[in-house]
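J.: Provided below for reference: sequence and predicted model.
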Amino acid sequence: MDMLQRRSVIAVIAFIVGFAIGLFIFGWNLTPLEFTGAGPQDLLPRYQEAYIRSVADLYSHDLNQERVREAFDIWPEAPAAICRMASAAPTQPEAERLTTIALILNGVGCTPEVEGAAEEEGGSNLPLLCGLLLLALLVLGGLYYFFVRRPAGDDFDPRPTAVGSIPGETFSATPETMDDDDVVATPIARFETRYSRGHDTYDDSFSIENAHGEFLGECGVGISETIGMDAPKNVTAFEVWLFDKNDIRTVTKVIMSEHAYNDQAIRAKLAPKGEPVLARENETIVLETATLIINAEITELTYGTGSLEPQSFFEHFTVELSAWAKEGDFDEPDVQGHIDQMLDF
């Protein structure tokens, strides 16, 4: 289970625990809900019937219609409930008493329309409750499958859209082992950058994001060194670099022409910039940080010709950058440790 899934499971568990504490401990025990200002319409059906019979019995003794209206003043649906009781009354006198107070309230008594309304009002809410319960179970089951039981192969397709990515390029979502330490790397994106002689400001960079749009780092290729005094510039070395937001270092390697690679003075000059690498077509250069891996493959390489040494500067140069994200638990970057190391001189 990767870090994202682990955090998602923790979030779901925390939600369920918080919901249970809020409902059962606070909601039902410490601060239970208290109802005030309830009317007869809020009573259980058997208590509603007792209330209606009491009002009907009282009216049969004092014939006070105003008191009947006051008794049902906040219960607009009372005639429907009264007519439902009248239709099920065991005796005719009781049915007449109930019909009479319904007539006082609505002016028509217990007509078929009123009785139909009574049947509709008396319908059970059980189907609705069952439906809501089933929906809740389906949602919980879906969350459990998505965050806990989902196989690793069902992850989202980790291919973000990025400026400079190759159109139509696809990746397999199946994790691959990149080393012997059981660290799994998942492909994120692929970028292609092209240089042609005359592009003197060549410096391409690309943002690396995961499938959820979270920024992970950056990578790029730019001019590292030129030779001669000609215009346009004669580029003899490029630098490919990788920045990881979870790593204090920016990893850089210097891709040199054959002339620069064999020239000890140029190599010494470029040594502080990064590890030297001889430029060869179809060569793959690997850059690795705490949580990211870049495979830089040289897909096109053409040397320029002129008055300079042969194979000393590039006419065309194309690199394909494949970005990978390691899956696993990674510590925060030791920023203070690196600062102390730089100051210890």
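T.: Structure's in. What do you need?

J.: Could you look up the next helix or strand downstream of the least confident helix or strand in the chain by mean pLDDT?
T.: Taking mean pLDDT, DSSP states H and E as the measure, the helix or strand of the chain with the lowest value is strand 176-177, at a mean of 44. Counting by DSSP states H and E, the next helix or strand C-terminal to strand 176-177 is strand 184-196.

J.: Surely Leu278 touches Met256?
T.: Yes: in this structure Leu278 lies within contact range of Met256 using C-beta atoms under 8 Å: 6.2 Å. Heads up, the C-betas are built off the backbone N, CA and C, glycines and all.

J.: who's more crowded, these two?
T.: Applying other C-beta atoms under 10 Å to Leu278 and Met256 shows that Met256 carries more neighbours, namely 23 against 12.

J.: Double-check that one against Ile266; I have them as touching.
T.: Yes: Met256 is in contact with Ile266 according to C-beta under 8 Å; the separation is 7.4 Å.

J.: Find residues that contact each of the two.
T.: Shared contacts of Met256 and Ile266 (C-beta atoms under 8 Å, 6 or more residues apart in numbering): 236-237.

J.: Pull the number of nearby residues for the nearest residue to Glu275 once chain neighbours are set aside.
T.: Beyond its immediate neighbours in the sequence, the residue positioned closest to Glu275 (C-beta to C-beta, 6 or more residues apart in numbering) is Lys253, lying 4.8 Å away. Neighbouring residues of Lys253 were enumerated by other C-beta under 10 Å; the total is 21.

J.: for Lys253, what are its contacts?
T.: Contacts were defined as C-beta under 8 Å, 6+ apart; by that measure Lys253 touches 239-241, 274-277, 285, 287, 296.

J.: Narrow the residues you listed to those that are buried.
T.: 239-241, 274, 276-277, 285, 287, 296 (16 or more other C-beta atoms under 10 Å).

J.: Output the residues you listed in CSV; the columns should cover distance to Ser54.
T.: Below are the buried ones among the contacts of Lys253 laid out as CSV (distance: C-beta to C-beta, whole Å):
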residue, distance to Ser54
Glu239, 93
Val240, 90
Trp241, 88
Gly274, 94
Pro276, 100
Val277, 97
Ile285, 92
Leu287, 87
Ala296, 89
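
J.: Narrow those residues to those in strands?
T.: 239-241, 276-277, 285, 287, 296 (DSSP state E).

J.: For Thr111, give me the backbone phi and psi.
T.: The phi and psi torsions at Thr111 (degrees, to the nearest 10) take the values phi -80, psi 170.

J.: cool, and Leu308?
T.: Listed backbone geometry of Leu308 is phi -80, psi 180, with angles given as degrees, to the nearest 10.

J.: which residue sits closest to it, ignoring its sequence neighbours?
T.: If the residues on either side of it in the chain are set aside, Leu308 comes closest to Gly228, at 5.4 Å by C-beta to C-beta, 6+ apart.

J.: Tell me, how many residues neighbour the one you found?
T.: Once other C-beta under 10 Å is used to define contacts, Gly228 is seen to have 14 neighbours.

J.: That one: what's it in contact with?
T.: Residues in contact with Gly228, defined by C-beta under 8 Å, 6+ apart, are 234, 307-308, 313.

J.: Just the helices from the stretch 51-200 of the chain, written as ranges.
T.: In chain order, the stretch 51-200 of the chain shows helices spanning 65-71, 78-87, 92-106, 112-121, 126-144, with DSSP state H, counting those that start in this stretch as the criterion.

J.: Identify whichever of those lies nearest to Ile52.
T.: Ile52 sits nearest to helix 78-87 of all the helices of the stretch 51-200 of the chain, at 5.6 Å, using C-beta to C-beta.

J.: Which positions in stretch 275-295 come out as buried?
T.: Using 16+ other C-beta under 10 Å as the burial criterion, the residues of stretch 275-295 that qualify are 276-277, 279, 285, 287-295.

J.: What mean pLDDT does the helix or strand containing Val17 get?
T.: When elements are assigned from DSSP H and E, Val17 belongs to helix 3-20. When the per-residue pLDDT values of helix 3-20 are averaged, the result is 70.

J.: how close does the residue nearest to Glu275 get to Phe72?
T.: Taken as C-beta to C-beta, to the nearest Å, the spacing of Lys253 relative to Phe72 amounts to 88 Å.

J.: Could I get the contacting residues of Ala56?
T.: Ala56 is in contact with 94, 97-98, 100-101, counting by C-beta under 8 Å, 6+ apart.

J.: Need the nearest residue in space to it, chain neighbours excluded.
T.: If you skip the residues right next to it in sequence, Ala56 has Arg97 as its closest partner in space, 4.4 Å away by C-beta to C-beta, 6+ apart.

J.: next one: Leu278
T.: Ranked by C-beta to C-beta, 6+ apart and with sequence neighbours excluded, the top spatial neighbour of Leu278 is Tyr261, at 4.6 Å.

J.: Correct me if wrong: the one you found contacts Arg280.
T.: No: because the distance of 9.9 Å does not satisfy C-beta under 8 Å, Tyr261 is recorded as not touching Arg280.

J.: Secondary structure element for Ile294, which one?
T.: Once you assign secondary structure using DSSP H and E, Ile294 falls within strand 292-303.

J.: Name the nearest residue to Ala290, sequence neighbours excluded.
T.: Spatial nearest neighbour of Ala290, excluding adjacent residues (C-beta to C-beta, 6+ apart): Asp247 at 4.0 Å.
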